[in-house]
Every structure is written in C-alpha cells, then in structure tokens.
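Trainee: build the 3D model from these lines:
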Amino acid sequence: MSNLSLDCKNLSVSEQEINSERVSLCHDQLEQGTGAGADYLGWLHLPSRFSVSTATEIETTARSIRDRCEAFIVVGIGGSYLGTRAGISFLNSSFSNQGQGGPEIYFAGQNISSDYHADLFDLISGRDVCLNVISKSGTTTEPAIAFRLLKEMVEKKYGADGARDRIVVTTDASRGALKSLADDLGYKTFVIPDDVGGRYSVLTPVGLFPMAVAGIDIQELMEGARQGEKLYSTGSLEQNDAYRYAAIRQLLYQKGKTTEILATFQPAFHYLAQWWKQLAGESEGKQLKGIFPASVEFTSDLHSMGQWIQEGSRNIFETFLILESSRRQLKIPTFQNDADGLNYLAGETLDTVNEKAWLGTASAHKEGGVPNMTLKIKDRSPASLGQLIYFFERAVAMTGYLNGVNPFDQPGVEFYKKNMFKLLGKPGL
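Mentor: Just a heads-up that it's a prediction; the model follows:
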C-alpha cells in the first residue's frame, strides 16, 4: 500500500500526450545500466539491499554518541547535508533542539560564514560535543574548513584520545584525504558507496547515521524506501506514479513551462524542499536544458510570492506537496464578541483551514494559467518519508533521461571552485 498519491486533475496538458515508449526505453536504461551515468546507479535498488547488520552498526554507534553528547554537529554540504537536515526537520518536532530529549543537532560546513560558525561555537561552548564529518574526498572546501575548526576545538577540550571517541567520519571506503585521516587517528568510519552520488545518498550512512543520532527509526525509514522501490521500479507508466510525475514534468517543460515550483503548506517540508531543489537542479540542469526547481511555503508565501505566481510570467507550473494529516489537531476556539470575525470557523481544526487554503490556491492558480498537480504524503512517519525520498529519486532520474542528459554528474559545479581557488592562490593554479 502506498503512502503517496498523485493528483493531476489541474493540468493543462493531456496525459495521452506522454510518449510512453520513451518512458519505457529510459526505464530499461536505468534497470539495465545502459544509460548515461550508469556507474552511479547504486541508489536504484539500495533499499532492498540494505542489510540488518548495517542498520545495527549505525544504531549502535548512534546510541553511543547520544549517550555522550549534548550537541551533535553534522559537518557537510550539498548531498552530505541537505538530506540529513530534511529528514530530521520533517520527522522530529519543530523545536526539537529546545529541550525535547537527546542531543541538540546543529550543522556546519554548509557555508563559509565567519559569523555563522563563530555563533555556533559560542552556542556549544560548555556543552559536551560530538561530530560527524561527511565528505567523500575530505577536500571539499566548505566542510573541510569547518572540520579543521571543530577538530581543533574538540581536541583542545577533550585531548586527542578523547576527541577520537567523539568524531565519526562518513567517507570513501578506501581513498581520499578524510579516509586517510580517519585511519591515522582511529576515528569510527561509515562508508559512502562508490556508486551513489551525493544528492542520492540520504539513504546511505550519509543520512542514516545522523538521523539515528537524532532518535529517528532508520529501519522504518528504510522499510518505507523499500516500499517505494517496489512501487516505482515497474516500467508501466499507468502503475508508476514516479514515472507519471517525471513524464508530466518533461511534457510541461517541452510546452514552455521551464520553472517548477514545489509548494508546501507545512514548515516541516522546508528542508525537504531544499533537498529536492538540489536533487532536481544538479541532476537536470545541463547542456543549456532542464527545469528550474523553485520552492515556496504557503500560506506565508501567498502574502509575498502569491501575486507573482497568480499573475506573473506564465513559464511556471506547480507541484503541491501536501501532508494528509498532522500528528496533532488544534481546534479554533469561540470568542464571545467575535471581534476578529472568525467564529464561523469555531470548532474547525487548523488542518481543515489549511486544506481549504491549498484547494483554493490550486484552483486559483489553475485559473491564472499555472498548471499544477498534487503529491500527497500520508503522514510524518519515517516510512512515509522513505517512500517519498525514493519517489523523487526515481522521478528525477527519469526526467533527466527523458531530456537527454546524464542525471548523475555535475560538471558545472567545478567552475566556481576553479575560479575561487585561483583567487585564493591555491598551489598549482
């Protein structure tokens, strides 16, 4: 049974326009490993191959870390950061760092801001700290700088031996600067599979270990991902919503809808949208092609971006990501004098009002020339999240193949690095 459902009734295109033969061909390329980037298809059947022993190792180490620290710092950027933060913010309390139990979770190395990192160091001063540094190479500039700073701080506080038990490294199995450092200093390590790229790595120890430290049931998460793999590995367009979503996106793109807006109505989706933007943007934006992924958070952004979406340039389409049911229900109370005029809503839940806001927005945007579809997720459970992650991974890979690009490389990312290194005077440049 699926925890996701896709509703396409507000589209301006007919699904009969989809080239199902092309979808079938791209599916075969994925499954047979004959398409572009085939060396990075390890995520494709990763959930069904995930072992109990790996889960046990991750959970055992996570319990040890939870027992010895008040603040847990995840050091990484891009795929080594966004999936983790998406999972923790979606599954845990909105205010999980405010006395909700377990270590507080913070992030470093996703920027090069002095103020951000100095403020972080002030915040964790006087607290017991553990680190998880995530990098396949160990030389990515942003997390490497942050790790230098944090490693120095932890070693000064606990000594080299004490620091060894508080630093966990997630990196390449056999090579790279971080792997060598971990071997030399005796850090506990987890492996980033060679055949899984960063933005597809959230269901590896990259995301699973810090989520386990945050108290998330990673075995339930992976069971949801396995269900997603089962549902979305079929080549039948009629039976595979991930492929339907991908094919509709590509069809809208071909009709001039070059920007997709992922619209949510729950703050819990914030970092999930950020992860989705990296997954889609870095996978599809190549050869002067690709849908531009954007995101908005309604109803807040209806008071800022709503005007542009309703009446601005018509090169956009929307995907509403909707939570079917909140964990708890709050009802609107009755006020005797009804000064704010809201007594007509008295007794209704916030979920009811939020649902009507979504339905009203979807209808208004359709009337305004913005085709939209809705992806519903059942609840904020690890199983539902695991299925959603796999849904988006399959869909984005399919969209890339449909558009004739390799969805598993990122050559354009290197250009800014080369220029930055030249300006910094890096040896050899």
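Trainee: which residues of this structure fall in strands?
Mentor: Ranges of strands in the chain, per DSSP state E, are 4-7, 71-75, 104-108, 129-134, 167-171, 188-191, 259-264, 292-297, 316-323, 372-377.
Trainee: output those strands as CSV; include the columns mean pLDDT.
Mentor: Output for the strands of the chain, formatted as CSV (pLDDT from 0 to 100):
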stretch, mean pLDDT
strand 4-7, 97
strand 71-75, 97
strand 104-108, 97
strand 129-134, 98
strand 167-171, 97
strand 188-191, 97
strand 259-264, 98
strand 292-297, 98
strand 316-323, 98
strand 372-377, 98
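Trainee: and of these, who's closest to residue 51?
Mentor: Nearest to residue 51, of all the strands of the chain, is strand 188-191, at 12.4 Å by CB to CB. Heads up, the C-betas are built off the backbone N, CA and C, glycines and all.
Trainee: just checking, what packs against that closest one?
Mentor: Secondary-structure packing of strand 188-191 (3 or more CB pairs under 8 Å, 6 or more residues apart in numbering; DSSP states H and E): helix 52-68, strand 167-171, helix 205-213.
Trainee: what pLDDT, on average, does the first one get?
Mentor: Yep, that's helix 52-68 we're talking about. What helix 52-68 shows for mean pLDDT is 96.
Trainee: same check, this time on the last one
Mentor: Averaged over helix 205-213, pLDDT sits at 98.
Trainee: tell me the angle it makes with strand 167-171.
Mentor: 150 degrees (axes from the mean of the first three to the mean of the last three CA atoms, to 10 degrees).
Trainee: over to the first one?
Mentor: Angular relation of helix 52-68 and strand 167-171 on a 0 to 180 degree scale: 150 degrees, by the same axes, to 10 degrees.
Trainee: give the buried residues for helix 52-68.
Mentor: Buried residues in helix 52-68, counted by 16 or more other CB atoms under 10 Å: 54-55, 58-59, 61-62, 65-66.
Trainee: for residue 116, state which of these is nearest.
Mentor: Closest approach to residue 116 among the buried residues of helix 52-68 (CB to CB): residue 65, at 23.1 Å.
Trainee: residue 128 is in contact with the closest one, correct?
Mentor: No. Using CB atoms under 8 Å, residue 65 makes no contact with residue 128, being 10.4 Å away.
Trainee: angles on the backbone of the residue lying farthest from the centre of the chain, please.
Mentor: In terms of distance from the mean C-alpha position of the chain, residue 337 ranks first, at 45.5 Å (CA atoms, centre = their mean). Dihedral angles phi and psi of residue 337 (degrees, to the nearest 10) take the values phi -90, psi -10.
Trainee: tell me the pLDDT at it?
Mentor: 94.
Trainee: how is this structure partitioned into domains?
Mentor: Per the record, the chain has its domains at 4-37+233-402, 46-218, by automatic domain parsing.
Trainee: so which of those domains is nearest residue 421?
Mentor: Between residue 421 and the domains of the chain, the tightest spacing by CB to CB is seen for domain 46-218, at 8.2 Å.
Trainee: quick one: the closest one to chain centroid distance?
Mentor: Its chain's C-alpha centre and that of domain 46-218 lie 16 Å apart, by CA atoms, centre = their mean, to the nearest Å.
Trainee: distance of residue 268 from residue 321?
Mentor: Separation of residue 268 from residue 321 (CB to CB, to the nearest Å): 10 Å.
Trainee: more neighbours: the two, which one.
Mentor: Per other CB atoms under 10 Å, whichever of residue 268 and residue 321 has more neighbours is residue 321, with 22 against 18.
Trainee: spit out the contact partners of the closest residue to residue 185 other than its chain neighbours.
Mentor: Distance criterion CB to CB, 6 or more residues apart in numbering; nearest residue to residue 185, sequence neighbours excluded, is residue 164 at 6.2 Å. Going by CB atoms under 8 Å, 6 or more residues apart in numbering, residue 164 touches 185-187.
Trainee: equivalent analysis for residue 418, please.
Mentor: Residues near residue 418 by CB under 8 Å, 6+ apart: residue 429.
Trainee: ok so, going back, state the distance from the residue farthest from the centre of the chain to residue 331.
Mentor: Separation of residue 337 from residue 331 (CB to CB): 19 Å.
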